[in-house]
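Visitor: here's a sequence, model it:
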Amino acid sequence: MPLIKCPECMTEVSDHAMKCPKCGVQLRKLVRSTFGKIVKYSFIIFNILMLVLMVTGVGSITDGYESMDTVEKAGTALGAGIGAMLLLIIWLIGDFILGLFTLLTRPKS
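Guide: Presented below is the predicted three-dimensional model:
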């Protein structure tokens, strides 16, 4: 087992040690596993996708809104509200599940 010197206190420690046993300085960076990286990036991509869907969905509601009569405007507003709420619920549930997986796959010391 090779020994290295701690950059802080110059104590000889194992090259496999994560922290110096004497001063506690971090010697090696914690690395996320491959599955952890996949989960982390899927969490980020999911949030970007949901944000894009929410913005484009709300933006497309106003297309042709000026030429509609009162009943069509009311239906459009009601449908848009229901669609936005369903998308928000899916976003929250997906964030909770993927966030939990991201938390559980983080690197540990």
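Visitor: which stretches of the protein aren't confidently modelled?
Guide: Where the chain drops to pLDDT under 70, the residues are 1, 109.
Visitor: which residue lies farthest from the center of this structure?
Guide: residue 69 (41.9 Å; CA atoms, centre = their mean).
Visitor: tell me the spacing between residue 44 and residue 51.
Guide: 11 Å (CB to CB, to the nearest Å). Bear in mind the C-beta positions are built from the backbone N, C-alpha and C, glycine included.
Visitor: now the residue farthest from the centre of the chain, what are its backbone angles?
Guide: phi -90, psi -180 (degrees, to the nearest 10).
Visitor: where along this structure do the helices fall?
Guide: Assigned by DSSP state H, the helices in the chain fall at 34-61, 70-104.
Visitor: so how far is the first one off the chain centroid?
Guide: It refers to helix 34-61. With CA atoms, centre = their mean, to the nearest Å as the basis, helix 34-61 stands 9 Å off its chain's centre.
Visitor: repeat that for stretch 2-19.
Guide: Per CA atoms, centre = their mean, the centroid offset for stretch 2-19 relative to its chain is 34 Å.
Visitor: gap between the two ends of that stretch?
Guide: End-to-end distance for stretch 2-19, by CA to CA, to the nearest Å: 15 Å.
Visitor: and the contacts of it?
Guide: 1, 20-23, 25-28, 30, 109 (CB atoms under 8 Å, 6 or more residues apart in numbering).
Visitor: can you turn the buried part of those into a ChimeraX selection?
Guide: A single ChimeraX command is used to select the members of the contacts of stretch 2-19 judged buried by 16 or more other CB atoms under 10 Å:
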select :20,27
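Visitor: quick one: the residue farthest from the centre of the chain from residue 47, how far?
Guide: Residue 69 is 38 Å from residue 47, by CB to CB.
Visitor: kindly report the same for residue 74.
Guide: 32 Å.
Visitor: do the same with residue 106
Guide: With CB to CB as the criterion, residue 106 and residue 47 are 17 Å apart.
Visitor: ok, back up a step: who has more neighbours out of residue 74 and residue 47?
Guide: residue 47 (15 against 11; other CB atoms under 10 Å).
Visitor: now that one: how far from residue 54?
Guide: 11 Å.
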